[in-house]
Each structure stands twice: as C-alpha cells, then as structure tokens.
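Peer 1: Sharing a model that was predicted from the sequence below.
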Amino acid sequence: MHELAVRHGRLITPYGPVLADLAIDRGRIAAIGKNLNASHTIDASGCLVLPGGVDCHVHLQMQLNRLTSTDSFETGTVAAACGGTTTVIDFVDPQPGQSVMDALRARRAEADGSAAVDYGLHMTVPAWHAASPEALREIPAALAAGCATFKLYQAYERMTLDDVALGNVMRAVAAAGGGVVLHSETGPLIDALRSDAVAAGHSAPIWHERTRPAGLEASAVQRAAEIAALADCPLHIFHVGADSALAAVNAARAKGYDITAETCPHYLLLTAGQYLTRADGHLFICAPPLRWAADKHAIWQGLSEGGLDAVSTDHCPWTRAEKSKASFSEVPGGLPGIESRLFLVHHFGVNEQDLALTSRVSACCTAPARRMGIQDRGALQPGLVADIVIFDPKRVKTLRAATLHEAADWSPFEGMRIEGWPRTVLQRGELLVRDEEFIACPGNGRYLHRTLAAS
C-alpha cells in the first residue's frame with residue numbers, strides 16, 4: 001500500500017505519454033503502473049501528469065543600483081508554484097570586497113525561510129572577482145557548497161569579462177568540476193552604440209534593439225564557445241532570442257563542443273514591434289532585446305528540433321513606475337514571467353505549433369534539471385523526487401496580471417487566451433497548489449546542493 005497515488009492521468013514520461021497511475025512514498029515516485037493502491041489518492045482524470053517545472057534562470061530580490069526587483073523570494077516562488085514550477089535557480093552576486101562564500105551565505109539567508117519551492121543558486125563571477133586570484137581560488141569552495149554553475153557576462157559595465165578573463169575563469173571552473181552559464185553579447189561595443197544614440201538625441205524604446213544588434217550577440221556566442229572548448233568547460237548560453245545567435249550555438253555543437261542553450265517565452269511570443277507600436281513599449285526592454293518575426297520563427301523551430309535545450313523565464317520583474325523613464329537607456333531591463341512559462345509553452349507550442357508533449361516537458365523540466373546538476377527531479381521516473389503537476393489541458397483562461405501571483409503590476413502576456421493550466425502541484429509529494437490555489441506555507445522550499453554529472 002503506497003502513501004499517495006495520482007490516478008487515471010496521462011503521464012508524460014521521458015519515453016512518451018502513458019495512461020497510468022503514479023504512486024508516491026516518502027516524497028519520491030515509488031511506482032508507475034495500473035491500479036496502484038494507496039492510502040490517499042488524487043484523481044487526474046482528463047489531465048496530463050507532468051514533472052514539476054525547473055526554471056534555471058530567475059532574479060528574485062535582485063539589487064540593481066537603488067532598486068530591488070519586485071518579487072521577493074516568497075512572492076516569486078509562490079507564483080512559480082502556481083504556474084507549475086517547483087524548482088528555481090537564482091543568483092549570488094558578490095560585491096566588491098565581499099568574498100564568494102560570504103556572498104553565498106548572505107543570499108541563502110534571504111531565501112531560506114521564505115522560498116515556497118526548492119531553489120538553487122548560480123555563483124556570479126563579476127569583473128572584480130575574475131581579476132582576483134584569491135576570488136578564483138574560492139571557486140572549489142563554492143562548488144562544494146552546491147553552486148555547480150558560475151554566471152559570467154560578456155556585457156554590462158563593471159560585469160564584462162574580456163576574452164582573456166573568460167578563459168581564465170572557465171579554466172578555473174572546469175578544473176573544479178563546474179560549468180558556466182553566460183550572458184552573451186559584445187558589451188563594450190554595445191555600450192558605445194548606446195552612448196552614440198543617446199548623444200544623437202534618441203530616446204525611444206526601439207533604440208534599445210537598434211543598439212544591441214543581433215550580430216553582436218551571435219559573435220559573442222561564437223567567441224565564448226571557442227574559449228569554453230579550449231578550457232574544456234561546459235557552457236550554457238542564457239536567453240537566446242536571435243536566429244543568428246542560435247546558429248552560432250548550433251555551429252559550436254556541430255563541432256562537438258559541450259554547449260547548451262535556452263530561450264524564454266518572451267522571445268517565443270513577442271517581437272521588437274512592441275518597442276515601435278506600443279505607447280508603453282519601454283516596459284518590454286530586456287537584454288538581449290526582443291527581435292523580429294523571422295527570429296521568433298527560428299526560435300520555435302530550434303525548440304522543436306532540439307537546437308534549444310531549455311525554456312527559462314529570466315524572470316526579472318519591475319513595476320510600471322520603475323520602468324517609466326525618459327530614455328530607453330535608463331529603463332531597468334527585465335520582464336516578469338515566472339508563473340506563466342509552462343502554460344504559455346503548452347498553449348502556443350503544443351496546441352498551436354505541434355510541439356511534442358515530450359519536447360515541452362524536456363525543455364521546461366528535464367533538460368534544465370540535468371544540465372544544472374539536479375539529477376533527482378525533472379522527470380516522471382521511479383526513484384526521483386515527487387515534484388508533480390496535474391495539468392488540465394482543457395482549462396481556458398485569459399492571462400491577466402491582476403489574477404497572477406507575481407508582484408509586478410503588469411504582464412508582457414496580458415490578454416492572451418490560454419488553453420491548458422496547472423490544476424494541482426506537489427513538491428516532494430506534498431500539496432503546494434490544489435485546484436489552482438496555493439495552500440502550502442511559504443518558507444518550506446529547500447536549498448538544492450547541485451553537482452554536475454560526470455561526462
């Protein structure tokens with residue numbers, strides 16, 4: 001007799017959909033089969049049963065100058081849970097003069113006792129730490145503390161690493177057994193283009209896209225891939241939204257390089273036309289910027305064909321007031337979206353693009369878990385953690401910021417009609433969400449000690 005069984009659902013397993021029951025004991029999947037007996041049951045008739053979503057790229061309580069991103073660890077992870085995401089990976093951002101391990105302890109202190117879902121942390125290596133032999137010597141300690149991946153930047157003032165610094169850090173990370181996650185744009189030239197545009201009197205949102213051309217994203221990806229290959233360092237490219245950047249990833253993969261890449265719902269669903277046609281186009285400023293229809297088509301194709309491995313959100317929310325600035329160059333970058341990822345990819349991918357259910361689950365659950373060193377979740381298999389989503393594919397809703405659980409007062413996907421919505425969500429076999437209502441206690445989320453699997 002099992003503790004709990006999810007009955008009569010259509011399970012989306014790594015091997016394809018199967019009509020079966022799923023049994024849970026002691027927080028793990030105990031069995032998949034027919035007519036499993038349990039002390040308690042959940043009826044999933046007419047629903048898909050999915051592994052809990054894994055969002056490997058979020059920014060909660062992120063400090064940016066004098067601003068703090070709108071969602072706290074509590075509000076952001078409650079929203080994640082309501083959207084069917086049971087694991088998120090955020091960031092540690094060491095400040096000048098702060099040790100890597102002190103920064104990790106401080107960040108965990110913010111999340112522990114507040115996070116509603118389980119969480120991991122990427123360790124950022126800013127320019128000042130990349131130039132410090134002492135800081136680089138802390139990389140093995142950070143990895144031993146569960147930070148399996150290290151965030152590097154090729155853009156942003158004071159964060160940008162040149163090619164020599166990239167190589168040095170990648171070698172140190174690889175030697176310790178970690179991997180690199182990368183913001184890939186040619187930052188110094190972008191900075192010059194933006195300065196020139198501002199000096200010429202350009203302030204409209206479209207100049208955000210014009211001063212961050214896709215070619216400077218693609219060339220940065222190409223350089224980073226070559227450097228990572230020389231360093232023998234696993235590389236994951238964040239937020240790919242341009243056809244040319246995806247082509248650079250595919251070219252590196254064709255050479256046998258250890259490279260993966262992700263996209264985000266806003267690159268799948270929106271275009272740079274938002275900057276031109278909307279009075280509130282400044283709200284859609286993010287980096288890399290939204291691109292064009294041909295890019296959007298290529299990104300969907302890459303997701304369907306496997307050129308893109310994962311869909312994250314890069315959830316970085318700001319209020320309307322915080323994003324309302326006189327010039328594109330002053331707007332804090334980032335979009336909200338932590339709650340909407342699973343149902344957006346389902347509706348616009350599975351329902352409208354014929355994306356396979358197994359591909360959708362791989363991109364939103366399995367692939368990010370495996371690449372980021374979370375080996376015990378992300379799939380429906382006996383022995384793995386029982387993070388489960390019961391997803392009603394016939395539930396129709398109109399997406400409204402007012403009814404989401406995110407703290408931002410707007411959504412880039414406002415008004416979209418969605419067919420398919422998470423109904424019930426379990427973490428470690430315990431109910432987080434029942435009938436679309438969050439019923440657990442925020443603060444039960446656990447820090448995940450991540451270790452990359454040996455290749």
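Peer 2: All right, it came through fine.

Peer 1: from here on, contacts and neighbour counts on C-alpha atoms
Peer 2: Noted.

Peer 1: And the chain, what are its domain boundaries?
Peer 2: As recorded under automatic domain parsing, the domains making up the chain are 2-50+386-394+415-438, 52-371.

Peer 1: Looking at those domains, spot the one closest to residue 380.
Peer 2: Comparing those by their distance to residue 380 (CA to CA), the top pick is domain 2-50+386-394+415-438, with 5.3 Å.

Peer 1: ok, back up a step: pipe the domains of the chain into a markdown table and attach distance to residue 445 and mean pLDDT per row.
Peer 2: Below are those laid out as a markdown table (distance: least, CA to CA, whole Å; pLDDT from 0 to 100):
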| stretch | distance to residue 445 | mean pLDDT |
| --- | --- | --- |
| domain 2-50+386-394+415-438 | 9 | 98 |
| domain 52-371 | 4 | 97 |
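
Peer 1: closest one to residue 404 among those?
Peer 2: The minimum distance between residue 404 and the domains of the chain falls on domain 52-371, with 7.2 Å, by CA to CA.

Peer 1: all strands for the stretch 201-350 of the chain, in order.
Peer 2: Counting by DSSP state E, counting those that start in this stretch, residue ranges of the strands within the stretch 201-350 of the chain are 235-237, 259-263, 310-311.

Peer 1: So which elements touch the shortest one?
Peer 2: Counting by 3 or more CA pairs under 8 Å, 6 or more residues apart in numbering; DSSP states H and E, the packing neighbours recorded for strand 310-311 are strand 259-263.

Peer 1: Contacts for the strand it packs on next, please.
Peer 2: Judged by CA atoms under 8 Å, 6 or more residues apart in numbering, the contacts made with strand 259-263 from elsewhere in the structure are 225, 234-241, 249, 252-253, 299, 307-313.

Peer 1: gap between the closest residue to residue 162 other than its chain neighbours and residue 223?
Peer 2: Excluding the flanking residues, the one nearest residue 162 by CA to CA, 6 or more residues apart in numbering is residue 154, at 6.9 Å. Separation of residue 154 from residue 223 (CA to CA, to the nearest Å) stands at 10 Å.

Peer 1: same check, this time on residue 275
Peer 2: Going from residue 275 to residue 223 by CA to CA gives 29 Å.

Peer 1: more neighbours, these two?
Peer 2: Neighbour totals were compared for residue 275 and residue 223, and residue 275 leads with 23 against 17 (other CA atoms under 10 Å).

Peer 1: Quick check: chain neighbours aside, which residue is closest to residue 239?
Peer 2: Setting aside the residues directly before and after it, residue 239 is nearest to residue 263 in space (CA to CA, 6+ apart), at 4.6 Å.

Peer 1: so who does residue 58 touch?
Peer 2: For residue 58, the residues meeting the contact criterion (CA under 8 Å, 6+ apart) are 88-91, 312-316, 338.

Peer 1: at 10 Å instead, please
Peer 2: Residue 58 is in contact with 76, 88-91, 121, 312-317, 336-338, counting by CA atoms under 10 Å, 6 or more residues apart in numbering.

Peer 1: same question, residue 344
Peer 2: By CA under 10 Å, 6+ apart, the residues touching residue 344 are 83, 265-266, 268-269, 337, 350-351, 399, 413, 416-421.

Peer 1: Show me which of the residues you listed is closest to residue 59.
Peer 2: residue 337 (10.8 Å).

Peer 1: The closest one: neighbouring residues, count only.
Peer 2: When neighbours are defined as other CA under 10 Å, residue 337 has 28 of them.

Peer 1: Quick check: which of the strands of the stretch 201-350 of the chain is buried the most?
Peer 2: Per-stretch averages of neighbours, counted by mean count of other CA atoms under 10 Å, single out strand 310-311 among the strands of the stretch 201-350 of the chain, with a mean of 30.

Peer 1: which residues are contacting it?
Peer 2: The contact list for strand 310-311 (CA under 10 Å, 6+ apart) reads 54-57, 238-240, 260-265, 268, 303, 341-342, 345, 359-369, 371.

Peer 1: how close does the spatially closest residue to residue 38 that is not a sequence neighbour sit to residue 432?
Peer 2: Spatially, and ignoring its direct neighbours in sequence, residue 38 is nearest to residue 2 (4.3 Å; CA to CA, 6+ apart). Summarising the geometry, the distance separating residue 2 from residue 432, computed by CA to CA, is 20 Å.

Peer 1: who's more crowded, these two?
Peer 2: Applying other CA under 10 Å to residue 2 and residue 432 shows that residue 432 carries more neighbours, namely 28 against 17.

Peer 1: Quickly find the element holding the more buried one.
Peer 2: Per DSSP states H and E: residue 432 is located in strand 430-434.

Peer 1: and after that strand, which helix or strand comes next?
Peer 2: Using DSSP H and E, the helix or strand that directly follows strand 430-434 along the chain is strand 437-438.

Peer 1: ChimeraX command to pick out the buried ones of the contacts of residue 344?
Peer 2: To isolate the buried ones among the contacts of residue 344 in ChimeraX, judged by 16 or more other CA atoms under 10 Å, type:
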select :83,265,266,268,269,337,350,351,399,413,418,419,420,421
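
Peer 1: how far out from the middle of the chain is stretch 256-268?
Peer 2: Mean-position distance between stretch 256-268 and its chain equals 10 Å (CA atoms, centre = their mean, to the nearest Å).

Peer 1: now swap in stretch 332-347 and tell me
Peer 2: Its chain's C-alpha centre lies 9 Å from the corresponding centre of stretch 332-347 when counted by CA atoms, centre = their mean.

Peer 1: Show me which parts of that stretch are buried, residue by residue.
Peer 2: Judged by neighbour count using 16+ other CA under 10 Å, the buried positions of stretch 332-347 are 332-347.

Peer 1: closest to residue 22 among those residues?
Peer 2: Taking the buried residues of stretch 332-347 together and measuring to residue 22 by CA to CA, the closest member is residue 342, at 20.9 Å.

Peer 1: so the closest one sits right up against residue 85, yeah?
Peer 2: Yes. Between residue 342 and residue 85 there is a contact under CA atoms under 10 Å: 7.7 Å.

Peer 1: list residues touching both of these two?
Peer 2: Counting by CA under 10 Å, 6+ apart, the contacts common to residue 342 and residue 85 are 52-55, 364-365, 422.

Peer 1: who wins for neighbours among these?
Peer 2: Ranked by the number of neighbours (other CA under 10 Å), the shared contacts of residue 342 and residue 85 place residue 54 first, at 34 neighbours.

Peer 1: which residues touch that one?
Peer 2: Shown in contact with residue 54 (CA under 10 Å, 6+ apart): 80, 84-89, 118-119, 310-312, 342, 361-370, 372, 374, 377-378, 387.

Peer 1: do the same with residue 102
Peer 2: Going by CA under 10 Å, 6+ apart, residue 102 touches 92, 94-95.

Peer 1: which helix in the chain runs the most residues?
Peer 2: helix 214-231 (DSSP state H).

Peer 1: what's the burial count for the residue nearest to residue 298 when sequence neighbours are not counted?
Peer 2: Using CA to CA, 6+ apart and skipping the chain neighbours, the partner closest in space to residue 298 is residue 243 (5.6 Å). Here the number of neighbours of residue 243 (other CA under 10 Å) works out to 22.

Peer 1: close enough to count as contact, residue 243 and residue 218?
Peer 2: Yes. Between residue 243 and residue 218 a contact is recorded at 8.6 Å, counting by CA under 10 Å.
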